[in-house]
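**Q** Here is a sequence with its predicted model. Questions after.
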Amino acid sequence: MITENLLGWLTLFLLLIVTFFIVKKYPKTKNFLIVAIFLRSLFVILDQYFIALPDSTGDAIIFEHKAFFYSEKYGMSIIFNLFNQDSFFISKFISIFYTLLDRSDMMVKMFSVGFGTASVFLIYRLTFILWGSHAASKAGWFAALFPSLILYSSLILREVYVIFFLTYALINFVYFLDKGKITYFIKVFFGFFITSLFHGPMILGFFIFLIYIFFRILKKNNYFLYFKKKNLYLLFLLPILLTPIIAFFLGYYSIPKIGDIKNIGTFKDRDIGSFKDNDRSKIRNIEDILIWKINKATKSSSNSVSGASYPLWTIPNDMKEIIYLTPVRIIYFLYAPFPWDVKRFKHLVGLFDAIFYIYLSLCILQNRKILLEDSRTRFLIIILIMYVFVYSFGVGNFGTGIRHRLKFIGILIAIAAPKIARIKFSKIK
């Protein structure tokens, strides 16, 4: 379709204009941002006209088709259903542009290019705030050239949107710690809220933020063993900070993919109806639910024997096995596939991706003392550990794991940046 291609190229043109203004304001970002938008848009063009990129089918097609369905059925009234808790917020978002303009998957891929390139810039900014320009430059280049980040910045998937809004939230968290202004607190909430619309469990990061601030206030005021009258208002602020967490534990709302407090431990009738008959009698408590979810997640796409699922021995049978297998599943989530897991040629792509995560982890370990001493980076480590822990229960396939672990690439790069090697190109004489 001429219209489809035209909308895609016009979107790219607008992105180039926006990038021009960013590099004009931040000259040090010029080289890596230009490379970032060039590589991402090149991948879109390749996918659109020449070859199908990895992961360009499956969920990417479902999200796009769902967006067209929403546009045809609801039009602009989809806005009233925009915040329903489901997995298709990205489709609803896209459908608004389909309604206003026209259906164009190339245009939507360029949206991903825009958010992907903007994510590179935000990773640079987060690193700059933490470490200064030298480390930020390395982080910017690393993000610009990170293979899976390039790939998923070229597809109609949720990852780059999650990275963008999560990094935005973390930048404002750092500003909030440094300056204590309420506007930064609001921006932190906004960032976590929007990223959770794209993928529900991301809202847990906001819970960790509230708990972190709660204990920070307590510590700064000597746990209120003695305090000045001017700090009396903090006694009223502390319970307000924990209101979202308290509301969750009282069962007033649920988190997509996780549920509410009432059905984390035991399922309701409507939840049990989603299980197969031979599974229903086994679901009695939190232990059974975790085992069921892990077992369900640990499978290859299309139930292929030579697929990307974790080994069957990583599936626990009881709480004792859940405890000692959780670190194993975390390692698989972050670094799989390992050489012994490679059964197909395309698995080598995952092996190549894992090398970058191993490298970033080594950089973090080398800098661990400084990271733990700084309250800002200490929080980033806490929130990273929490996310990895939670996602390790719901991911049992390293094909899926590549996508999910990418959501946290901004945190990894930002805290690893000081130890990332700087590549220098010497002139050939």
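**A** Received it, and whenever you're ready, just let me know what you need. Residues are numbered from 1 along each chain as shown.

**Q** Next up, the contacts around the residue nearest to Q48 when sequence neighbours are not counted.
**A** Nearest residue to Q48 in three dimensions, chain neighbours excluded: M106, at 5.2 Å (Cβ to Cβ, 6 or more residues apart in numbering). All C-beta atoms are positioned from the backbone trio N, CA, C, and that covers glycine. Contact partners of M106, counting by Cβ atoms under 8 Å, 6 or more residues apart in numbering, are 4-5, 7-9, 11, 44, 48.

**Q** before we move on, which element is M106 in?
**A** Here M106 sits within helix 105-131, counting by DSSP states H and E.

**Q** what comes into contact with the very next helix or strand once past that helix?
**A** Downstream of helix 105-131, the first helix or strand assigned by DSSP H and E is helix 133-145. Residues outside helix 133-145 that contact it (Cβ under 8 Å, 6+ apart): 28-29, 31-33, 35-36, 39, 119-121, 123-128, 149, 409-410, 413-414, 417-418, 420-423.

**Q** buried set for helix 133-145?
**A** 135-145 (16 or more other Cβ atoms under 10 Å).

**Q** So which of the contacts of M106 is the closest to I385?
**A** Nearest to I385 among these is V44, at 34.2 Å by Cβ to Cβ.

**Q** What pLDDT does the model give the closest one?
**A** V44 carries a pLDDT value of 97.

**Q** For it, give me its contacts.
**A** Going by Cβ under 8 Å, 6+ apart, V44 touches 8, 12, 106, 109-110, 112-113, 154.

**Q** Dump those residues to a markdown table, plus distance to I358 and pLDDT.
**A** As requested, these are exported to a markdown table (distance: Cβ to Cβ, whole Å; pLDDT from 0 to 100):
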| residue | distance to I358 | pLDDT |
| --- | --- | --- |
| G8 | 36 | 95 |
| L12 | 34 | 97 |
| M106 | 35 | 95 |
| K109 | 30 | 97 |
| M110 | 32 | 97 |
| S112 | 26 | 98 |
| V113 | 28 | 98 |
| S154 | 24 | 97 |
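
**Q** Tell me what angle the helix or strand hosting V388 forms with helix 105-131.
**A** Per DSSP H and E, V388 falls inside helix 375-394. Angle of helix 375-394 versus helix 105-131, following axes from the mean of the first three to the mean of the last three Cα atoms, to 10 degrees, is 140 degrees.

**Q** taking the mean pLDDT, what do you get for the helix or strand following helix 375-394?
**A** For helix 375-394, the succeeding helix or strand toward the C-terminus, using DSSP H and E, is helix 398-406. Helix 398-406 comes out with an average pLDDT of 92.

**Q** So which elements touch helix 398-406?
**A** With contacts defined as 3 or more Cβ pairs under 8 Å, 6 or more residues apart in numbering; DSSP states H and E, the packing partners of helix 398-406 are helix 147-152, helix 159-179, helix 319-335, helix 347-366, helix 375-394.

**Q** Need the CA coordinates for that helix. PDB is fine.
**A** Coordinates of each C-alpha in helix 398-406 appear next as PDB, following Å, rounded to 0.1, in the frame of the first residue of the first chain:
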ATOM      1  CA  PHE A 398      15.000 -18.500  26.800                       C
ATOM      2  CA  GLY A 399      13.400 -17.300  23.600                       C
ATOM      3  CA  THR A 400      10.800 -15.500  25.700                       C
ATOM      4  CA  GLY A 401      13.500 -14.700  28.300                       C
ATOM      5  CA  ILE A 402      15.500 -12.600  25.700                       C
ATOM      6  CA  ARG A 403      12.600 -10.300  25.400                       C
ATOM      7  CA  HIS A 404      11.700 -10.000  29.100                       C
ATOM      8  CA  ARG A 405      15.300  -9.500  30.300                       C
ATOM      9  CA  LEU A 406      15.700  -6.700  27.800                       C
END
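
**Q** Thank you, goodbye.
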